[in-house]
Structures are given as C-alpha cells and as structure tokens.
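Colleague: need the 3D shape of this:
(chains A and B)
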Amino acid sequence: MSKTVPVLIASIVGCIMIVANFSPFLLPARQIAEDWFTIVATIAMMLGGANLCVHHLKNISDREAGWGFSAVTLISFFITIAVGLLKIGVVPESEQQVKFAWSGPFQQEGSGFWWIYQYLFSPIVSTMFALLAFYVASAAFRAFRAKNLEAILLLITALIVLVGQTRDREITSLFLPPPAEGMPQHVPIADLTEFIRKTFVTAGQRAIMIGIALGVVATSLRILLGLDRSYLGGDE
Amino acid sequence: MTSPLLNKLNALDRRWIFLAMALAVLSPILLQIGSDETPSPPTIKLFDEIERLPEGSRILMAMDFDPTSAAELYPMALSFTRHCCLRHHKLYFVTIWPTGKPMIESTIKAVIGADFGSGDRAYQYGVDYVNLGYLAGDAVAISQISSDIRKARPQDARGTSLDELPMMSGVISVKEMDLIVNASAGFPGGKEWVQYAATPKKIPIAVGCTGVQSTQLFPYYPDQLLGLVTGIRGAIEYETMLAAKYPDPYANRSKRPAFLRGGAQRWAHRLMIGLIVLGNGIHLANRYRRTPHP
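Modeller: Presented below is the predicted three-dimensional model:
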C-alpha cells in the first residue's frame, strides 16, 4: 500500500501529460501537474540541502580525511543562505514598493548576495573552468600518443579539427591556385573539418540521441504501468 | 643509444607546460592581439534572421549560462542583444539557470544601459525590453511558459506585475514570440528549448552554445535550429558580421570582446598542436631507441 499510492500518482500524472500533449482540453490539468512538479522539486532541493548538511556534519564528527573541506562547505552554505534570506544590503528599488529592505530583490546590485556572486562564486567557478586548459595541455603532451591504430585515427582527427577551428587553417590554402574572381578561397582543412562534423560526429550523435529516446520511452512506459518502481527506492 | 635531449624531454616537468600555456593565453590578452573569423553558414543564418525580422519584433532572449561558461557565451549574449537593439526589436530576457539572472543583468547593463539607454529612440524598460528573471523547474519551466507565461511567472524580475508592462500586452505564451535566441551552456538549455518550446509551438530558434556542446546540438541544425553559433569562434564570427554591417562604433575593439579572446584561443590551440606533435615525436624516438639495431 505504501508504494501503491505513489505508483498510482505517477501513472495518472504521466498519462495526463501524454494525453495533454495531443488534446487542448487537458491543458489545465497539465498546468496543475507542472505547478506540482515545481513544488515537489523545491521540496526535493530542501531535502538535498538537509542531506548535504548531514553528510558533511558526519564527516566533521568522524574526523574523516578532508573534514576541513566539509567545514568550509557548511560554513559557506549557511552564510550564503543567511545573506540571501535576510536580504542583507538590499534597499527598496522603487516608490511603488514599501519602504523597507525586504521589498527589494535578494540579488540586487550592491547587496550581500550580489557581492558573494560577483566576488566569490563567479571568480571561483571561472578559475575552475580555466584550469582545464592547463590540464588538457599537459594531457595532450603526455597521453595523446600514437600507440595503436585507434589512437592514430583519433590523433589525426583531433589535429585536423584543432587546426580547422582556428584561422591557421588558411595556411593549407597557401599552395592552392587563387580562386576565380568573386569566389571564396578553398580551404582544404576547413572542408575536412566540416566533413568530419557533418558525417561522423552528427551521425554518431544522432544514433546516441535516438538510442536514449527509445530508452526513455521504454523506461517511461514501465513506470506508467507500474512495472518499474525503482524510483521509489528500496529493493523493487 | 642515449640522447641527453630525449632524456630531458622524457622527464619534462609538467609545470613547464603550465607556464607555456599561461604565456600562450596571457600574452595575446595583454598585448591586445585578437583574431578575426570568416562567418560560417549557421552563424550567418541567425544574423540574417535578426536583420530580416521587421522592427519591433518580439525576441525571447534565453540566457542559460553562468560565470563558468561566460568566457564563451557572454560575448555572444552581448552581440545578440546589441544586434537586436540596433534593429529595435522588443527583448524578453529570461533564464532557466538559477545562476543566470546576474548574466542577464550584466548583459542589459553593458549593452542597453551603455549604448541604447539614451537618445531619441532610447530603450525603455517595460516598453522595449523586460527581464523576466529566473524560471524554476528546468524543462518544465519551458513547457509552462510555452502554454502560459503568467502561470509560470506573474511578475518580472523587479516584482512588477506583467500586466502592468506595456510590452507584455498581447503576450500570453512563447507562441507570440517571433524568434527565440538562446545562449546555452548545457542542461537545461538549447536542446530543451528545441524540444519543449520551439518545435511543438513552431517558433524559429537559434542557439549560441559552448564549443563542447556543439556536437550535441548540430544534429538539430538546420531543421529544428534556424542557426547555431558555437564557442568563441562563433562569437567572433557574429561580431565580425556586426562590425561589417554597423561599422561605427561596433568595429571598435572595446566593443568586440570575442575578437580579443580569439587571439588567446588561437595561441592556446597552436601550443596544443605543438605539444601533441612534440609528445608524439618523443614517443616515436623512444620506440626507435628501444628497438634493437644491428
């Protein structure tokens, strides 16, 4: 019984969403389902926050390796929440709004939350992403080597695409005769890059996408029919 | 057979590679060495569509990115917005990324605030552009605004009721848009806008995405996607077209952040190619050294 009700809810809502896609009469029911999705997702996010706290508090309590990072995570988490919820540094934006800080948006320019975003979050995530360039360069030098046929094929393709992505590709047209008047210069490596993208990459991606779509359809049907209950947790 | 040079290269500390990459990226930025690009058909198609649309057309600007991918997508967002403002289209900014709202605000400040906020045809909030802010719910949020914007978002990002904004009059859902322009950094993004808004509601859509995401979106081009602007190269292409069509003041380097970033990317690519060739040269030399020679 504890699992029958959630399975019924999932099946009914799923069926409504499918039928509403074809029938405008069920649009209001679909909109209600979408509103409920947003509410449930918000609750799930709060549960996620609680889970994060429990996990890191346990790390700190057990003095596990790297427990200091858990402490930093928790402190940052609570400071960000407090600054956002209390709207620290927020001022009323217009005369229409009542004259106290709560009326302004929490991400208002100059507010505490804005400051955290601009001067902590933004530089940290940008730095993390920028570090990739250094590690990719190191990996390209140490690991990207022609050790067997597959590696050679990958290497040649990568070099073609890499050169084809920059203006240096135009070097490959230096030895070609000049184009007819009004016609663009033929760039062999650019054409080769396009051929790789249009033929191999797009075909591979389409195959993956179609495969995923078929998998989603099969899994969705199993959930709607109540055959797959793994999303409820437990052994089933 | 031994070679001191080969031994040195085999034992090369990776910090030298890090230093080389730092120099390859920093030098063009500090010396303001940019890189131009020849526009490619997927970029040209978006540019032509914005040019073709009559003045005052409604364009939904979905800014689904955060500072992580801002290096590639922010210059694109600036160019798309600037182009739409030059054509005097009505802009509806929205994001389905919780960290995307400051990106919208920054784009509005850098383009509308700096270049189109004054003069005879100044852009006015609520009349020519609106910031709908963040929509929670990922793909479901797209589905919601596809059927009813007010159900998903009754107020704009400033807390003003949508019914009080003149440009929202007659706008019920995404269906009323003439074009969707999406700057997408991943999930949810371009793919979801295609699947839940553009294709079911038959609205033209163009996406500007990061370089790594382009392979996932190219299968949708040219049928579901009208145009596709990929990575910093795509951003440079768009800027090049904008500078050619509207030379003053958009040919100015300060208005072309992608052009300046292109120089750093070009030199980083050159270094990568050099490192791959050098690494394989060392590999072949090592194999030759290990092979017994008569």
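Colleague: which stretches of the stretch 101-250 of chain B form helices?
Modeller: For the stretch 101-250 of chain B, the helices defined by DSSP state H, counting those that start in this stretch cover B:101-107, B:114-115, B:139-147, B:149-152, B:190-193, B:199-201, B:214-217, B:231-245, B:247-250.
Colleague: could you list the low-pLDDT ranges of chain A?
Modeller: Within chain A, the segments meeting pLDDT under 70 span A:1, A:94-101, A:234-236.
Colleague: return the residues in contact with the residue in the stretch 51-200 of chain B that chain A sits nearest to.
Modeller: The stretch 51-200 of chain B approaches chain A most closely through B:Pro67 (4.0 Å), counting by C-beta to the nearest C-beta. For glycine as for every other residue, the C-beta is placed from the backbone atoms N, C-alpha and C. Neighbouring residues of B:Pro67 by C-beta atoms under 8 Å, 6 or more residues apart in numbering or on different chains: A:Phe121, A:Ser122, A:Pro123, A:Val125, A:Ser126, B:Thr99, B:Met103.
Colleague: chain neighbours aside, what residue packs nearest to the third one?
Modeller: The one in question is A:Pro123. Of all residues not flanking A:Pro123 in the chain, B:Pro67 sits nearest, at 7.9 Å (C-beta to C-beta, 6 or more residues apart in numbering or on different chains).
Colleague: and the gap between the one you found and A:Gln108?
Modeller: Look at B:Pro67 and A:Gln108: by C-beta to C-beta, to the nearest Å, they are 18 Å apart.
Colleague: stretch B:197-216: which residues count as buried?
Modeller: B:197-198, B:201, B:203-210, B:213-216 (16 or more other C-beta atoms under 10 Å in any protein chain shown).
Colleague: looking at these, which one is closest to A:Gly112?
Modeller: B:Thr210 (30.3 Å; C-beta to C-beta).
Colleague: the closest one reaches B:Gly190, doesn't it?
Modeller: No. B:Thr210 is beyond contact range of B:Gly190, at 10.1 Å (criterion: C-beta atoms under 8 Å).
Colleague: and the pLDDT for the residue nearest to A:Pro123?
Modeller: If you check B:Pro67, the pLDDT there is 93.
Colleague: now it: how far from B:Gly189?
Modeller: 16 Å.
Colleague: likewise B:Val130?
Modeller: 21 Å.
Colleague: per-domain residue ranges of chain B.
Modeller: The record's domain parsing of chain B by automatic domain parsing lists B:4-31+B:265-290, B:41-255.
Colleague: and the lengthiest helix in chain A, anywhere near chain B?
Modeller: Using DSSP state H, we find that the single longest helix of chain A is helix A:27-61. Yes. Part of helix A:27-61 sits near chain B under the criterion C-beta under 8 Å from any C-beta of the partner chain, namely A:Leu27, A:Arg30, A:Gln31, A:Glu34, A:Asp35, A:Phe37, A:Thr38, A:Ala41, A:Thr42.
Colleague: which residues does stretch B:110-127 contact?
Modeller: B:78, B:81-82, B:85, B:88, B:129, B:156, B:160, B:164-168.
Colleague: could the contacts of B:Pro67 be laid out in a markdown table, adding neighbour count, secondary structure and distance to B:Val174?
Modeller: Output for these, formatted as a markdown table (neighbours: other C-beta atoms under 10 Å in any protein chain shown; DSSP: H, G, I helix; E, B strand; the rest coil; distance: C-beta to C-beta, whole Å):
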| residue | neighbour count | secondary structure | distance to B:Val174 |
| --- | --- | --- | --- |
| A:Phe121 | 19 | helix | 30 |
| A:Ser122 | 19 | helix | 29 |
| A:Pro123 | 11 | helix | 34 |
| A:Val125 | 16 | helix | 29 |
| A:Ser126 | 16 | helix | 31 |
| B:Thr99 | 19 | coil | 22 |
| B:Met103 | 25 | helix | 20 |
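Colleague: ok, which pair from the residues you listed is furthest apart?
Modeller: A:Pro123 and B:Met103 (14.8 Å).
Colleague: quick one: work out the angle between the longest helix of chain A and helix B:139-147.
Modeller: Taking axes from the mean of the first three to the mean of the last three C-alpha atoms, to 10 degrees, one finds helix A:27-61 and helix B:139-147 inclined to each other by 160 degrees.
Colleague: which secondary structure elements does the helix or strand of chain B with the lowest mean pLDDT contact?
Modeller: Within chain B, confidence by mean pLDDT, DSSP states H and E is lowest for helix B:247-250 among all helices and strands, at a mean of 79. When contacts are defined as 3 or more C-beta pairs under 8 Å, 6 or more residues apart in numbering or on different chains; DSSP states H and E, helix B:247-250 packs onto helix B:231-245.
Colleague: how does it look with 10 Å?
Modeller: helix B:70-86, helix B:231-245 (3 or more C-beta pairs under 10 Å, 6 or more residues apart in numbering or on different chains; DSSP states H and E).
Colleague: now do the buried residues in it.
Modeller: Within helix B:247-250, the residues that qualify as buried are B:Tyr250, counting by 16+ other C-beta under 10 Å.
Colleague: run the chain-centre distance for the next helix or strand after that helix.
Modeller: Using DSSP states H and E, the helix or strand that directly follows helix B:247-250 along the chain is helix B:257-290. Centroid displacement of helix B:257-290 relative to its chain, using C-alpha atoms, centre = their mean, to the nearest Å, is 26 Å.
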